[in-house]
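Asks: Fold the following, please.
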Amino acid sequence: MRAFQTLFAFYLLMFGMGGCGSGVYTPETTSLALKADPSGVVGKFRITVREVIWQHDRLFLISDKNYRDPRTLVVVVNGDTARDVLRGKSQTAEQYFLGHDIRATGLARRVRIFLKDRDGNLTRSSYEQTRVIIGDATDLDVLSR
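Replies: Residues are numbered from 1 along each chain as shown. Next up, the predicted model:
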């Protein structure tokens, strides 16, 4: 996983920040940018964290309680990075992030999520989610504390 983070950081340095301007994307502007470029948008993304979920050793910081809405931004933080961010803090991830503004630097893409039934089998139901993938702890800032 660290190799992915290193490659991702290199990608951001080489290609990312020059093309996106100095602005920061919101959930609304990210949605518009992804309509213009469905392959993905690299930049800085600002959200107020409305939901925090740990699943499969990943932390999901979500901009709206309706995580199935494609306009909702979901910042995905791998477990090692989340533990780096929380190291030395006496709070849980929920206590640390919930209700606070964050800025994440990374790649936003729409991802199709397929639902499973209670037995773990895929159903025909799915939805699109807009996810921001970050590289490491330096790509995530808590703006309001």
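
Asks: any idea of the pLDDT on Phe97?
Replies: Reported pLDDT at Phe97 in the predicted model: 96.

Asks: could we number from 627 for the rest of this?
Replies: Got it, the first residue is 627 from now on, which makes the last one we talked about Phe723.

Asks: Report the contact partners of it.
Replies: Phe723 makes contact with 675, 678, 687, 768 under the criterion CB atoms under 8 Å, 6 or more residues apart in numbering. Backbone N, C-alpha and C define where each C-beta goes, glycine included.

Asks: Where does the prediction get shaky in this protein?
Replies: Low-confidence regions of the chain, defined here as pLDDT under 70, cover residues 627-648, 771.

Asks: Quick check: bridge partners of the most centrally placed residue in it?
Replies: Per CA atoms, centre = their mean, the C-alpha nearest to the average position across the chain is that of Val701, at 1.5 Å. Residues found in beta-bridge contact with Val701 (criterion: DSSP bridges) are Leu687, Val758.

Asks: Please name every helix or strand in contact with the longest strand seen in the chain.
Replies: Counting residues, the longest strand found in the chain (DSSP state E) is strand 727-742. Contact here means 3 or more CB pairs under 8 Å, 6 or more residues apart in numbering; DSSP states H and E; on that basis strand 727-742 packs against helix 628-637, helix 653-662, strand 667-674, strand 699-704, strand 748-760, strand 766-768.

Asks: Let's have these in JSON lines, adding distance to Val711.
Replies: Below are the helices and strands packed on strand 727-742 laid out as JSON lines (distance: least, CB to CB, whole Å):
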{"stretch": "helix 628-637", "distance to Val711": "13"}
{"stretch": "helix 653-662", "distance to Val711": "21"}
{"stretch": "strand 667-674", "distance to Val711": "15"}
{"stretch": "strand 699-704", "distance to Val711": "7"}
{"stretch": "strand 748-760", "distance to Val711": "10"}
{"stretch": "strand 766-768", "distance to Val711": "6"}
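
Asks: Please consider this matter closed, and thank you.
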